[in-house]
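In: Structure, please.
(one chain, ligands or ions: 2)
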Amino acid sequence: MMRVLYVSTEVYPALKTGGLADVNAALPQALTGMGVDVRLLLPGFPAFMHAAEHHGPAVSLGPAFGLGEVSVSRALLNGVPVYLVEAPQFYGRAGTPYGDAEGRDWPDNHLRFALLGWAAARFADGSVGGWRPDIVHGHDWHAGLAPAYLAARGVAGPGSVFTVHNLAFQGQFPGSVFPALGLPPDFFGVRGVEFHGMVNFVKAGLHYADRITTVSPTYAREIQTAEHGFGLDGLLSSRAGELSGILNGVDRAKWNPSDDEYIAARFDAVNFAGKAVCKAKLRAELGLSPESPGPLFGIVSRITQQKGLDLLLGAMPELIAAGGQLALLGSGDAAIAERFRAAALRHPRQLAVRLGYDEALAHRIIAAADVIAVPSRFEPCGLTQMYGMTYGALPLVRRVGGLADTVRDADAGAIAAGTATGFVFEEASASALSRALERVFALWREPATWSRLLGTAMRQDFGWTPSARRYVELYRELRPRT
Ligand code: ADP
Ligand code: GLC
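Out: Ligands and ions are numbered 1, 2, ... in the order given. I've put the predicted structure just below:
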C-alpha cells in the first residue's frame, strides 16, 4: 500500500481561509478511497486540536527551533488519519493560521512553518510511530521546506511532491533568518532556498521537490512566464519536465444542490424549480427587489488584487443600467470592499454586499445566482466557478488559469455545438468585462438558449476521481523501488 504524508495548514471544515482547505478535505479522502494510506501532517492549531479525535500517545521529536520539546500526536480528522505537530508556543495562538486577528503576519512565521517542514522530514526513516511514508506531499509555501529538510538528510528517502496552490504567496524572509532554520549552509544559494538574498519557502519547494504540481494545466504553463511567474518563472521552466497541472475537483458531498443543508430548496438539472425558490429567498434576505430585468450575479470571494473585483466595480454602471442584480460575499481589501459598500448604498435594490466569512451564505448565494462572476487577474484553479456550474449559475470569468480550463465560452460555435458553459473574457480591464456583460445580458434575453447552457454546465462531472488518479500515478512514478 502506498504511504503518503500530506503536509498542509488548512482543512475544511476545521480551518479554512480559502480553496486550499476545500482541496485538503476532499483530495485525501479521494486518495484514501483509491487505497492510498494518506495521512495529513498539520500544525497543532487550536482549531485542529479541538476538531480532531485524538488517539494514541504523542511521539516526541525532541527539542527544535528553540522550543523545549516538540511532539506529534495521532488523530482523525474528517475520518482521515492526521499527525498534529504539538508546539503550543508556535501554534496555540488566536487569529488566522498565518497572523493575528488584525491580519498582521506573525513575526516568527519562518520558524513556525520551518517546524512543519522539519517535522515532515522526521518521518523519513520511520522513527515517528513506525510509519515511513513513500511520498511526502507538501502544499503551498508553509510546507515548502519539507523537501529541503528531506534533501538535507543526504540519504535516499521518500519521494517528494510540492503543489503550488498560489504562487503569489511565497513565504519570503530576510536572509538573516537562514541560520535559524538549521539547514546546511550551502542550501542558502541560488541552487537552494535563496531568492535575491531572501529565504523563500516556495522556492525551496520548487527547487528540492522531485515533482512539482499546480492546480490546473493552464496555470502550470502560465507560471513559466514572466507575467505570472512572480520571478520564479526561470526556475519553473527549467523544471518543466517535472511540473504538471492537475485540476482541482468539486467535493460532491459538500457542494451538491440536490443535497445541501444550507439552501432554501433542493434542485438539480432535471428538477430545477428549487433554484427559483433559492433566488427569491436570497433576494428577500438581502433586501434586493424581487424582480429584475437582468440576471442575479453572485460573487463569493477573497477581496484581493488577484480576484479582479475592482474590474467589476468599473463595469458596475453597465450592470446596474441593464437591470442586473449582484450579491457579493467577501472579505479582504478594505478599500475595494468600501467601494462596493458605497455602490450598494446607492442601489440597495440591485446590489447587496456582505463582508466577512460565512459558509452558509456562500452556499445560498451560489444556489440563488444566475451568474457567478470570477474576473480574476490570475487564478491557479478557482473553485467557485465550478460550484456555480454545479448549482446552475453560469460563470463569467477571465480566460486565465483554471478558469480557462473549466469554462467553455458561449461563442456562436460553442452555442451551436451545445458545449458552451459560461462567458469568458480576455483582457483584465473594466471595458473587456463590460463587453462580456453585454453578452450575458443578450443571452439572458434568450431563455431557451440560456437553459441549454445551464443544462450543459450542470451535467458536467467535476468529481475528484480523475484528478486523484493523476496524483496516484505521480506517486507511483516516484515511489522508491525497494
Ligand atoms: P481562493 O482559494 O483563491 O480563495 P477558490 O475559488 O479556490 O479561491 O476557493 C475559495 C473558497 O473559499 C470557496 O470554497 C469559497 O466558497 C470560499 N469563500 C471565499 N470567500 C468566502 C467568504 N467570504 N465566505 C465564505 N466562503 C468563502
Ligand atoms: C488557491 C488559488 C485557487 C485554488 C485554491 C485551491 O487559493 O487561489 O485558485 O483553487 O488555491 O487549489
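
In: distance between the ends of stretch 46-65?
Out: One end of stretch 46-65 sits 20 Å from the other (C-alpha to C-alpha, to the nearest Å).

In: Tell me how far that stretch lies from the chain's centre.
Out: 25 Å (C-alpha atoms, centre = their mean, to the nearest Å).

In: going forward can the numbers begin at 7, since that is how I track them
Out: In the new numbering, first residue 7, that becomes stretch 52-71.

In: I would like the residues contacting it, please.
Out: Defining contact as C-beta atoms under 8 Å, 6 or more residues apart in numbering, one finds that stretch 52-71 is touched by 17, 19-21, 48, 75-83, 88, 90, 92, 96-100, 117, 120-121, 124-125, 128, 134-135, 186, 188. Glycine gets a C-beta too; all of them are placed from N, C-alpha and C.

In: Would you show me how to pick out the buried ones of these in ChimeraX?
Out: Command for ChimeraX that selects the buried part of those, burial taken from 16 or more other C-beta atoms under 10 Å:
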select :17,20,21,48,76,77,78,79,80,81,83,88,90,92,96,97,99,117,120,121,124,125,128,134,135
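
In: for the protein, which spans come out with low pLDDT?
Out: Along the chain, segments meeting pLDDT under 70 span 486-488.

In: Could you show which parts of it are in contact with ligand 2?
Out: 24-26, 29, 171-172, 221, 254, 385-389, 408 (C-beta under 6 Å from any ligand atom).

In: hang on, the earlier thing: strands - which of the contacts of stretch 52-71 land there?
Out: 48, 75-83, 88, 90, 92 (DSSP state E).

In: follow-up on the earlier one: list buried residues within the residues of the chain next to ligand 2.
Out: With burial judged by 16+ other C-beta under 10 Å, the buried subset of the residues of the chain next to ligand 2 is 25-26, 29, 171-172, 221, 254, 385-389, 408.

In: hang on, the earlier thing: which of the residues of the chain next to ligand 2 fall within helices?
Out: Per DSSP state H, helices hold the following members of the residues of the chain next to ligand 2: 25-26, 29, 408.

In: Now do the contacts for F273.
Out: Taking C-beta under 8 Å, 6+ apart as the test, what F273 contacts is 263-264, 279-281, 284, 373, 398.

In: List the backbone torsions phi and psi for L334.
Out: Here the main-chain torsion angles of L334 (degrees, to the nearest 10) amount to phi -120, psi 130.

In: Now do it against L26, distance only.
Out: 22 Å (C-beta to C-beta, to the nearest Å).

In: Grab the nearest non-local neighbour of the closest residue to ligand 1 within the chain.
Out: Here the residue of the chain nearest ligand 1 is G25; by C-beta to the nearest ligand atom that distance is 2.2 Å. Once flanking residues are discounted, G25 sits nearest to L389: 4.6 Å by C-beta to C-beta, 6 or more residues apart in numbering.

In: cool, K287 as well?
Out: A270 (4.2 Å).

In: Would you mind extracting the C-alpha trace of stretch 230-242 into PDB?
Out: Extracted C-alpha coordinates of stretch 230-242, given in PDB (Å, rounded to 0.1, in the frame of the first residue of the first chain):
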ATOM      1  CA  GLN A 230       6.600  29.600 -16.500                       C
ATOM      2  CA  THR A 231       6.100  33.100 -17.900                       C
ATOM      3  CA  ALA A 232       7.300  36.400 -16.600                       C
ATOM      4  CA  GLU A 233       3.700  37.600 -16.400                       C
ATOM      5  CA  HIS A 234       2.600  35.000 -13.900                       C
ATOM      6  CA  GLY A 235       5.800  33.600 -12.500                       C
ATOM      7  CA  PHE A 236       6.400  36.100  -9.700                       C
ATOM      8  CA  GLY A 237      10.100  35.900 -10.500                       C
ATOM      9  CA  LEU A 238      10.200  32.100 -10.300                       C
ATOM     10  CA  ASP A 239       9.400  31.500 -14.000                       C
ATOM     11  CA  GLY A 240      13.000  30.700 -14.800                       C
ATOM     12  CA  LEU A 241      13.300  28.000 -12.200                       C
ATOM     13  CA  LEU A 242       9.900  26.700 -13.100                       C
END
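
In: mind listing what the residue in the stretch 207-356 of the chain that ligand 2 sits nearest to touches?
Out: Closest to ligand 2 within the stretch 207-356 of the chain is V221: 4.1 Å, counting by C-beta to the nearest ligand atom. By C-beta under 8 Å, 6+ apart, the contact set of V221 is 29, 169-171, 251-254, 386-387, 408.

In: what does P139 give?
Out: P139 touches 9-11, 45, 129-130, 164, counting by C-beta under 8 Å, 6+ apart.

In: Looking at these, which are in strands?
Out: Those of those lying in strands (DSSP E): 9-11, 45.

In: and A348, what element?
Out: Assigned by DSSP states H and E, A348 belongs to helix 340-352.

In: try P472
Out: Going by DSSP H and E, P472 is in helix 471-484.

In: buried stuff in that helix?
Out: Result for helix 471-484 [16+ other C-beta under 10 Å]: buried residues 473-474, 477-478, 480-481, 484.
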